[in-house]
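Student: Sequence below, structure please.
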Amino acid sequence: MKHVMRIVVIVMAAMAAVSAVAGDGVSVGDRAPDFTLTDTAGNEVSLSDFEGKVVVLEWLNPDCPFVQRHYKAGTMKNLATTYQGKGVVWLSVNSTNYMDAAANAKFKANNDLPYTILVDQSGDVGHLYGAKTTPHMYIIDGGGTLVYIGAIDDDPRGGSDNPTNYVAAALDEVLADKPVTTAETKPYGCSVKYKK
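Tutor: Numbering: from 1, shown residues only. The predicted model follows:
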């Protein structure tokens, strides 16, 4: 019996290791994994640089029509600007395999973005978090815990005059020291164009 139990433990440990390597991603309630990426100017930026702060991670691909719609409407920029004044850090992560620092810098300049775009051409950080779409949103509270994962809002087709912005609602609750009511939603958008 001990031999069987030992085998079960070894198999379970191996499965957990494979799962971690495969990048199944994170869940609400997990500690946000630290990472280091370079920004559009070639500077290294680590998640741990913002310890104690509320952080929004936005997965981005400028070629995606869903991303283009939100940037034309100012969804991300307006949210980032509003909550930056409340101490929230907004980081965009681009895991698109064919977009280098120059392509991201051009998008940042063209949209006059007040926040950092991080280059993840290898897709390592995208896989670590399990980012599936652009956009795909993550909110990390000041204690380093993931408190929201999912869509930016409840309007995938862009037809609503008054969409519910899940990120804004979650940030308001986090900043008020309240639990996030809607902590997980299904993200929508283009698939992340990972390196094959």
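Student: tell me the secondary structure for Ile117?
Tutor: At Ile117 the chain is in strand, as set by DSSP: H, G, I helix; E, B strand; the rest coil.
Student: and it, how many neighbours?
Tutor: 25 (other CB atoms under 10 Å). (Glycine included, C-beta is placed from N, CA and C.)
Student: just the one 5 residues further on next, same as before
Tutor: Other residues near Ser122 come to 13 when the count uses other CB under 10 Å.
Student: Then Phe66?
Tutor: 20.
Student: For it, give me its contacts.
Tutor: Thr133, Thr134, Pro135, Pro156, Tyr188, Gly189, Cys190 (CB atoms under 8 Å, 6 or more residues apart in numbering).
Student: now do 10 Å
Tutor: Contacts for Phe66 (CB atoms under 10 Å, 6 or more residues apart in numbering) come out as Thr133, Thr134, Pro135, Ala151, Ile152, Pro156, Arg157, Gly158, Pro187, Tyr188, Gly189, Cys190.
Student: And for Ala105?
Tutor: Asp39, Thr40, Ala41, Gly42, Ile117, Val119.
Student: ok, so what distance separates it from Leu118?
Tutor: 12 Å (CB to CB, to the nearest Å).
Student: Quick one: the strands in the chain, in order.
Tutor: Using DSSP state E, the strands assigned to the chain run over residues 36-39, 44-46, 55-59, 89-94, 116-119, 133-134, 137-140, 146-150, 190-191.
Student: What are the buried residues along the second one?
Tutor: To tie it back to what came earlier, the one meant is strand 44-46. Residues of strand 44-46 classed as buried under the neighbour-count rule (16 or more other CB atoms under 10 Å) are Val45.
Student: Looking at the contacts of Phe66, state which has the most neighbours.
Tutor: Tallying neighbours with other CB under 10 Å puts Thr134 at the head of the contacts of Phe66, with 29 neighbours.
Student: can you pull the pLDDT of the nearest residue to it once chain neighbours are set aside?
Tutor: Using CB to CB, 6 or more residues apart in numbering and skipping the chain neighbours, the partner closest in space to Thr134 is Asn61 (4.0 Å). Here the pLDDT value assigned to Asn61 is 98.
Student: Likewise for Asp153?
Tutor: 98.
Student: was I right about it contacting Gly159?
Tutor: No: taking contacts as CB atoms under 10 Å, Asp153 lies outside contact range of Gly159: 11.7 Å.
Student: Just want to know which of these two has more residues nearby.
Tutor: Counted by other CB under 10 Å, Asp153 and Gly159 do not tie: Asp153 has more neighbours, with 21 against 7.
Student: which residues does the nearest residue to the more buried one once chain neighbours are set aside contact?
Tutor: Spatial nearest neighbour of Asp153, excluding adjacent residues (CB to CB, 6+ apart): Pro163 at 4.3 Å. By CB under 10 Å, 6+ apart, Pro163 lies in contact with Thr75, Ala151, Ile152, Asp153, Asp154, Asp155, Pro156.
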